[in-house]
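# 3D, please:
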Amino acid sequence: MKYREMKTTEYDLLKDFLYEAIFIPEGMEPPDRSIILQPELSLYYEDFGSGKADRCIVAEENGQVIGAVWTRIMNDYGHVDDKTPSFAIALYKEYRGKGYGTELMRKMLELLKQLGYAKASLAVQKANYAVEMYRKLGFETIKENDEEYIMVCRIK
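Numbers count the residues shown, from 1 in each chain. Below you'll find the predicted structure:
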């Protein structure tokens, strides 16, 4: 597995990965792909690359991008303040549960540290299996509602 920063010519892939990032509880039907056009979701990819915190690392196998983690400072579900990048991460289904997501997260936290960020945030549904991965990486719950946690990782 190769990890690298996403090329600007690949930014359109963020739409695919955003759709893949939507947590679908067991037994639920996946939403239509057009859901990513809604304003609260399109902010994850529109004009990506225009902000200082707009960074993306991809996992690549045999020349194919199979996963991505990206950050930006945006007023999303995981927003905590205007200095803290929010995370989004997704892997194609067949690559999940193999440690690639953890490695993507580690590499992004390291990049954010190099860029001088003190912390990063994310929002995750409570039923999502990724909650444990986030905790192991140092994310702590700072807020929650009935459905999700808002988590922050202090970058050392």
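
# switch to C-alpha atoms for all contacts and neighbour counts from now on
Fine.

# check contacts around Phe87.
Going by C-alpha atoms under 8 Å, 6 or more residues apart in numbering, Phe87 touches 69-72, 78, 120-122.

# And for Ile36?
15, 18-19, 42.

# please redo it, this time with the cut-off set to 10 Å
If you count contacts by C-alpha atoms under 10 Å, 6 or more residues apart in numbering, Ile36 has them with 15-16, 18-19, 22, 42-45.

# So which of the residues you listed belong to helices?
15-16, 18-19, 42 (DSSP state H).

# max-length helix in the chain?
Under DSSP H, the chain gives helix 100-114 as its longest helix.

# residues in contact with that helix?
1-5, 53, 55-59, 66-71, 84-85, 87-91, 95, 115-120, 130, 133-134, 136-137, 153-156.

# CA-only coordinates of the worst-scoring helix or strand of the chain on mean pLDDT in PDB, if you can.
Using mean pLDDT, DSSP states H and E, the weakest-scoring helix or strand in the chain turns out to be helix 39-42, at a mean of 92. Extracted C-alpha coordinates of helix 39-42, given in PDB (Å, rounded to 0.1, in the frame of the first residue of the first chain):
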ATOM      1  CA  PRO A  39     -25.100  22.000   1.000                       C
ATOM      2  CA  GLU A  40     -24.200  20.400   4.300                       C
ATOM      3  CA  LEU A  41     -22.200  17.700   2.400                       C
ATOM      4  CA  SER A  42     -20.900  19.600  -0.600                       C
END
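
# Please name the residues that touch the residue in the chain sticking out farthest from the centre.
Going by C-alpha atoms, centre = their mean, the residue of the chain most distant from its centre is Gly27, 23.6 Å out. Residues near Gly27 by C-alpha under 10 Å, 6+ apart: none.

# Give me the pLDDT for it.
With respect to pLDDT, Gly27 scores 84.

# ok, back up a step: filter the contacts of Ile36 to the buried ones?
15-16, 18-19, 22, 43-45 (16 or more other C-alpha atoms under 10 Å).

# Make JSON lines out of those residues and add distance to Thr102.
Converted to JSON lines, the buried ones among the contacts of Ile36 look like this (distance: C-alpha to C-alpha, whole Å):
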{"residue": "Lys15", "distance to Thr102": "21"}
{"residue": "Asp16", "distance to Thr102": "20"}
{"residue": "Leu18", "distance to Thr102": "17"}
{"residue": "Tyr19", "distance to Thr102": "19"}
{"residue": "Ile22", "distance to Thr102": "18"}
{"residue": "Leu43", "distance to Thr102": "24"}
{"residue": "Tyr44", "distance to Thr102": "20"}
{"residue": "Tyr45", "distance to Thr102": "22"}
